[in-house]
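Undergrad: how does the following fold in three dimensions:
(3 chains)
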Amino acid sequence: MTVDTRFYAPLGALTLETAAALTGTKPVGDASAPITGLAALDQAKSGELAFLEGDGSAKPALSPDLSVVVVGSRAIGLVPEGVSALVASHPRYVHSLIAKALFKPRHLEGSLGAALVSDSARVHIDAVVAPGAVVSAGASIGEGTRIGPNAVIGPGVQIGRNCIIGAGASVYFALLGDRVTLLAGARIGETGFGVLMGPDGAEDAPHFGRVILQDQVTVGANTCIDRGVFGDTIIGERTKIDNLCQIAHNVVLGRSVVLAAFGGISGSVRVGDGSMLGGRVGIADHVTIGEGVSLAASAGVFRDIEPGETWGGTPAKPIRQWMREIAWVSKQAAPRKRD
Amino acid sequence: MTVDTRFYAPLGALTLETAAALTGTKPVGDASAPITGLAALDQAKSGELAFLEGDGSAKPALSPDLSVVVVGSRAIGLVPEGVSALVASHPRYVHSLIAKALFKPRHLEGSLGAALVSDSARVHIDAVVAPGAVVSAGASIGEGTRIGPNAVIGPGVQIGRNCIIGAGASVYFALLGDRVTLLAGARIGETGFGVLMGPDGAEDAPHFGRVILQDQVTVGANTCIDRGVFGDTIIGERTKIDNLCQIAHNVVLGRSVVLAAFGGISGSVRVGDGSMLGGRVGIADHVTIGEGVSLAASAGVFRDIEPGETWGGTPAKPIRQWMREIAWVSKQAAPRKRD
Amino acid sequence: MTVDTRFYAPLGALTLETAAALTGTKPVGDASAPITGLAALDQAKSGELAFLEGDGSAKPALSPDLSVVVVGSRAIGLVPEGVSALVASHPRYVHSLIAKALFKPRHLEGSLGAALVSDSARVHIDAVVAPGAVVSAGASIGEGTRIGPNAVIGPGVQIGRNCIIGAGASVYFALLGDRVTLLAGARIGETGFGVLMGPDGAEDAPHFGRVILQDQVTVGANTCIDRGVFGDTIIGERTKIDNLCQIAHNVVLGRSVVLAAFGGISGSVRVGDGSMLGGRVGIADHVTIGEGVSLAASAGVFRDIEPGETWGGTPAKPIRQWMREIAWVSKQAAPRKRD
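TA: Residues are numbered from 1 along each chain as shown, chains lettered A, B, ... in the order given. Just a heads-up that it's a prediction; the model follows:
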C-alpha cells in the first residue's frame, strides 16, 4: 500500500538498524534494509514493513515482494530466506511504533488564531462555505458544493462537485466524488476500532488508510464511516446509507447498496452491488455478501452469503428457514387445548 | 399539504404543459392546469401534484380534490375523469423533479463571511446564544432559551421559550414549543431515508415537510428526527427520547411516550400516548401502536399493537407468549439427564 | 455525595422549613434542619437530602447518617426516629425541585460576543486548540493535548496531557486523565435518561454527577457517555469503546474493557476488568458483569454474570446453551425427508 501523503506527512525512511534501535527489538538480516512504508503481510511491496504474529503454527499468506517484517520469536521460522526481520514480543505493537515514526497523520492541525478556512485550501468560487465551517490546509471543495454550518473538512480532503456536507459533519482522510451528500453529524474518516496488545496493555491500532465515497453516495445523519488500517474503506456509486449506521475500517460496499438505520458493518466486510440491508442489520468482520442480497431487519450475519439470497435472523439463515423455525416454535410452545 | 414557505422558498407555479416540457413527459388533459404544490395521492388538493406508481392492478385511495398527477403508463386507466396527468416511466422521480422546480429548501445558506447570527433572526433579549452557535435567517429564539456552543439553528426555525439546545446540535425545518430540550449532537429535521428509482438508478427522495416538537419534549444526545416527506413528523408533549434514537419521516409519537436508547421508529409509524418503549426497540414502517403499550427491550415490531398490550421479541408478540416460547425451547433443548 | 462545585454552582443552603415553603410540602421534625446537599438514600450524609418513594411496604436500605428526607405519605412510617422529613405526593419530583434550588449546573454559559476560549480557561502552552473549538470558563487543558475543530469543552472540565478531542465532540461535567482519545462527535457528560413523575406528568430527572475517564480511555465517534445522577459514571484505564455506543448514568466500566459498536450499557451497570463485549450488546440497568466476561455480538443481558463466563443471545445465557438451543430448533423445525 502506498500511504497517501495528502493525509499522512512522511517523516523520512528508516533502516532495519534504526528501526531496531527505536523499538528495542533484535534485527535479523540486512541492517541497512530500508523501511519506507507499511502494509499487510499478503500485500507488502519491497520496503513496506508488515507484521507476523502468532506461535508459528499457522502459515499466513506472504506477499512475494515482502522484504522486511516484524515477527514474534516463536514465528521466526516462517520468515522466508532473504527477508529481513525485527524480532519482538509484541510484533503488531512494534509495527505501530515504526508506523508512527514513518508517517504523521495530518489531523486536528491549526490553532485557534488561524482562519476557519485555510489559505492553502482550494474552494471553488461557486462553492458555498457556511458560517462556522472549518476547511483545513490542502483541502479542495468543488463547484456547486455546499459545506454546512460548523462542518469540518480535514487537511487534504478532496470533495467533488455539487456535494452537500451537512451541519456539524466532519470529514477526514477522505476523497469524495460528485453529488455526494452527507447529512448532519456524519463522521467520515475517523480511526477504526482496533485494539492491539502492547507491553503495558491495550493500545489503539493506528490507521494509515482513507475513505472513498464515490459519486452520488448519500450518508445519513450521525453515521460513521471509519478509514482503512492500510488501504481504503470504499462506498460505491449511488449507495444510500441511513442515519446512525456504522461502517468499519476496510469495508467495501458495492454500487447502489441500500443500508437502513443502525446498520453495522464490521471490518473488511464486502457487500455486493444492489444489496438491500434492512434496519439494524449487523455483519461480522471479514464476511462477504454477494450481489443483490436482501437481509431482513435485525439480521445478524456471521457467514458469507451467495448472490441473490434473502436471509434473516440471528445468527442469520435463509429467510424461509428462519420463518419456518419461528412458526414451528410458536406452534409447539402454544398451550395445548384439551388434551 | 401546504408547503411551509418559511422553510421552502416558492419558485413559482407551473402548468401541466410547462411541467411536461421540463421533464420530457407526455401531458394528458388540460395543458394549462396549474401545478402549485405537492401532496400524497390521498390528500392532494386542487393544484397539488401527486404520483401514481405501479402496474394499475391495485387501486389506491385518491383524494376527491385531486386535479393533477404523474402516472406510469400502465396505471393510466386509474386516473379519474377530469384529472390531468403526466405520463412517465418513473412517476415518483418525475414528481421529485417538478417538486424541486416548485420549491427550494432553505438549507445550508449563508457564506463564510456572514455573521454567525443572521440579522434577520429574531433572538429574544433574554435568550442566550453561546459562542460558535449559528442562528440562520428568519429563525426565532424565545425568551429564556439557551443555544449551546456550536449548535446550528437553520433558516426559519421557530423555537419557543425556556428551551435548551445542546452543544453541536442542529435543527432544520422545525417548530419547537416551550421547554423543549435537545441534548448535544441531536439532529432535527434532516432529510428522511427515501430511495426512489430514476432512469439512471437510485435517487434520494426530496422532502418538503417539517418536524414539530411539542412542549417539554426531550431529545437525547446524537438522536435523529427526520422531517416529513409531505407533511410533518410530530413528537407529542412531554415525550422523552433517549440518546442515539432514530425517528424517521412522518412518524407521529403521542404525548408522554418514553423511548429508550437505540430506539428505531420507521417511516409513518404512529405510537399512542403514554407508551413505553425499551432499549433497542424497532418498529417497521406504517405500523400503529396503541396508547399505553409497553415494548420489552430489543423488541422488533412488524404488526399493529392494540392499546395497553405488552409485547417483546423479534418478530414481536405478546410478552407471555414470547416468554413461554423461550422457556419451552430452553427446556426441550436441555441435555437429558439419565435416559 | 459531595457535589463538585467546579460543575455545579452552589446557590446557598436551605432548611427544612424553607424547603417546605419552596415546594408546598409538609415538614415533619426539626424546622431548622439544614439541607446542604443531595444523595441517594443509602449514601446520604448529614445534611444531604434523599427521597423515599413507594407505599411503605418495601424497606429500603438507609444510610446511618441520613438526617433529612422527602417521603411519600404512605411511606412515612419508614422514616427513622430523629430524621426530619418533607411529606410530598411526588417525593422524587420535590427532591428535584430542591436540588435545583441548591445547585445550578454550569452549562451552555457565555454569550455570542464572548471569546471561543474563555479568559478563565487554563490552556497549556503546548496544547493545541483548533479553529472553531470552544473552551469554557474554568476548563483546563493539559500539555500536548489537541482539541479538534468545533469541539466544545464545557465549564470546569479538566483534561490531562496528550489527549485528543475529535472534531465536533463535546465534553461537559467531566474529568479526563492523560492520553484519553475522543473521536469526532463523542458526547461526554450529557444528562442521563431519567424520567420522574411530577404533578403534571413526566419530567426529566436532574443530574448532579460527573463523568470520569481514566488514562488511555478511547471513546468512539458519536458515542455518548452520560454523567451520574448523584455520583459518577466511571470508565477505567485503557478501556476502549467503539463508535455509536451508549453508556448511561452511573455506569462503572473496569480497566481494559472492550466495547464494540452499538453497545448499550444501562444505568448503574458494572462491568469487570478485561471484559470483551461484542457489537450491539445490551445490558439492562443495575446488572453486574464480572471480570473477564465475554459477550457475543447482539447479546441482551438481563442478569448478573460471574467472572470469566461467555454468554450470548437475548435474553443472554451461557454461550453453549444458546448455541445448543439454536441448533436444536434448526434440527427439529427442518422439513422431514420421507416420513
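
Undergrad: for the most centrally placed residue in chain A, which non-adjacent residue is spatially closest?
TA: Compute the mean C-alpha point of chain A, and by C-alpha atoms, centre = their mean the closest residue is A:H249, 1.9 Å away. Distances taken as C-beta to C-beta, 6 or more residues apart in numbering or on different chains place A:G192 nearest to A:H249, at 3.0 Å, with adjacent residues excluded. Where you see a C-beta, it was placed from the backbone N, CA and C, and this is true even at glycine.

Undergrad: and the gap between the closest residue to A:A184 other than its chain neighbours and A:L183?
TA: Closest residue to A:A184 apart from its sequence neighbours, by C-beta to C-beta, 6+ apart: A:G166 at 3.8 Å. From A:G166 across to A:L183, the span is 4 Å (C-beta to C-beta, to the nearest Å).

Undergrad: between these two, what contacts are shared?
TA: Listed as contacting both A:G166 and A:L183 by C-beta atoms under 8 Å, 6 or more residues apart in numbering or on different chains are A:221, B:190.

Undergrad: so A:W322 belongs to a helix, correct?
TA: Yes - with DSSP: H, G, I helix; E, B strand; the rest coil as the criterion, A:W322 is part of a helix.

Undergrad: check which helix or strand covers A:A40.
TA: When elements are assigned from DSSP states H and E, A:A40 belongs to no helix and no strand.

Undergrad: right, and it touches A:L49 too?
TA: No - with contact defined as C-beta atoms under 8 Å, A:A40 does not reach A:L49; the gap is 10.7 Å.

Undergrad: tell me which residues in the helix or strand in which A:E17 is found are buried?
TA: A:E17 belongs to helix A:16-23 when assigned by DSSP H and E. Across helix A:16-23, burial judged by 16 or more other C-beta atoms under 10 Å in any protein chain shown covers A:16-20, A:23.

Undergrad: quick check, pLDDT for A:L112.
TA: Looking at A:L112, its pLDDT is 66.

Undergrad: repeat that for A:G220.
TA: pLDDT at A:G220 comes out at 98.

Undergrad: for the residue nearest to the centre of chain A, give me its contacts.
TA: A:192-194, A:207, A:209, A:226-229, A:233, A:267-268.

Undergrad: and for A:V301?
TA: Contacts of A:V301 by C-beta under 8 Å, 6+ apart are A:281-284, A:287, A:289, A:295, A:311, A:315-316.

Undergrad: tell me where the stretch 201-339 of chain A is predicted with low confidence.
TA: A:338-339 (pLDDT under 70).

Undergrad: please report phi then psi for A:W328.
TA: phi -60, psi -50 (degrees, to the nearest 10).

Undergrad: pretty sure A:V211 contacts A:A186?
TA: No - the criterion here is C-beta under 8 Å, and A:V211 misses it with A:A186 at 10.9 Å.

Undergrad: quick one on the thing from earlier: who's more crowded, A:A40 and A:L49?
TA: With neighbours defined as other C-beta atoms under 10 Å in any protein chain shown, A:A40 and A:L49 compare such that A:L49 has more, 27 against 17.

Undergrad: report the secondary structure state of the more buried one.
TA: A:L49 ends up strand, using three-state DSSP.

Undergrad: how close does it get to chain C?
TA: Distance, A:L49 to chain C, using C-beta to the nearest C-beta, to the nearest Å: 24 Å.

Undergrad: what's near enough to touch the residue of the stretch 201-339 of chain A found nearest chain C?
TA: Ranked by C-beta to the nearest C-beta, the top residue of the stretch 201-339 of chain A for proximity to chain C is A:W328, at 3.8 Å. Applying C-beta under 8 Å, 6+ apart to A:W328 gives the contacts C:329, C:332-333.

Undergrad: any chance of these in a markdown table, with distance to chain B and secondary structure too?
TA: Listed next are these as a markdown table, based on distance: C-beta to the nearest C-beta, whole Å; DSSP: H, G, I helix; E, B strand; the rest coil:
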| residue | distance to chain B | secondary structure |
| --- | --- | --- |
| C:V329 | 6 | helix |
| C:Q332 | 8 | helix |
| C:A333 | 11 | helix |
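
Undergrad: so where do the helices sit in the stretch 1-150 of chain A?
TA: Listed in chain order, the helices of the stretch 1-150 of chain A (DSSP state H, counting those that start in this stretch) span residues A:16-23, A:91-102.

Undergrad: would you turn these into a markdown table with distance to B:M276 and mean pLDDT?
TA: What follows is the helices of the stretch 1-150 of chain A, written out as a markdown table (distance: least, C-beta to C-beta, whole Å; pLDDT from 0 to 100):
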| stretch | distance to B:M276 | mean pLDDT |
| --- | --- | --- |
| helix A:16-23 | 55 | 96 |
| helix A:91-102 | 46 | 95 |
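
Undergrad: could you export these as a markdown table, including distance to chain B?
TA: Formatted as a markdown table, the helices of the stretch 1-150 of chain A follow (distance: least, C-beta to the nearest C-beta, whole Å):
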| stretch | distance to chain B |
| --- | --- |
| helix A:16-23 | 39 |
| helix A:91-102 | 30 |
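
Undergrad: quick one: closest of those to chain C.
TA: Closest among the helices of the stretch 1-150 of chain A, using C-beta to the nearest C-beta: helix A:91-102, at 13.1 Å.

Undergrad: list the buried ones in the closest one?
TA: A:91-99, A:101-102.

Undergrad: also stretch A:23-39?
TA: A:23, A:25, A:27-29, A:33-39.

Undergrad: so which of these is the closest to C:V128?
TA: A:L38 (25.4 Å; C-beta to C-beta).

Undergrad: the closest one contacts A:K45, doesn't it?
TA: No - the pair A:L38 / A:K45 is not scored as a contact, 10.6 Å apart, by C-beta under 8 Å.

Undergrad: could you chop chain A up by domain?
TA: Taking automatic domain parsing as the domain assignment, the ranges for chain A are A:8-105, A:173-322.

Undergrad: out of these, deepest packed?
TA: Counting by mean count of other C-beta atoms under 10 Å in any protein chain shown, domain A:173-322 has the highest mean neighbour count of the domains of chain A, with a mean of 23.

Undergrad: start and end of that one, how far apart?
TA: Terminal residues of domain A:173-322 lie 41 Å apart, using C-alpha to C-alpha, to the nearest Å.

Undergrad: next one: it to chain centre, how far?
TA: With C-alpha atoms, centre = their mean, to the nearest Å as the basis, domain A:173-322 stands 9 Å off its chain's centre.

Undergrad: quick check: residues of the stretch 101-250 of chain A near chain C?
TA: A:108-112, A:114-116, A:132, A:134, A:136, A:150, A:152, A:154, A:168, A:170, A:172, A:185, A:187, A:190-191, A:193, A:195, A:201-202, A:204, A:222, A:224, A:226, A:244, A:246, A:248 (C-beta under 8 Å from any C-beta of the partner chain).

Undergrad: out of these, who's near chain B?
TA: A:116, A:132, A:150, A:168, A:185, A:222, A:244.

Undergrad: picking that back up, and the contacts of A:V301 as a markdown table, adding secondary structure and distance to A:S256?
TA: Listed next are the contacts of A:V301 as a markdown table, based on DSSP: H, G, I helix; E, B strand; the rest coil; distance: C-beta to C-beta, whole Å:
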| residue | secondary structure | distance to A:S256 |
| --- | --- | --- |
| A:V281 | coil | 16 |
| A:G282 | strand | 21 |
| A:I283 | strand | 18 |
| A:A284 | coil | 23 |
| A:V287 | coil | 20 |
| A:I289 | strand | 14 |
| A:L295 | strand | 15 |
| A:W311 | strand | 19 |
| A:P315 | coil | 27 |
| A:A316 | coil | 21 |
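
Undergrad: could you export the residues you listed as a markdown table, including distance to chain C?
TA: Below are those laid out as a markdown table (distance: C-beta to the nearest C-beta, whole Å):
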| residue | distance to chain C |
| --- | --- |
| A:V281 | 10 |
| A:G282 | 6 |
| A:I283 | 9 |
| A:A284 | 7 |
| A:V287 | 12 |
| A:I289 | 16 |
| A:L295 | 14 |
| A:W311 | 14 |
| A:P315 | 7 |
| A:A316 | 11 |
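
Undergrad: many thanks, have a good one.
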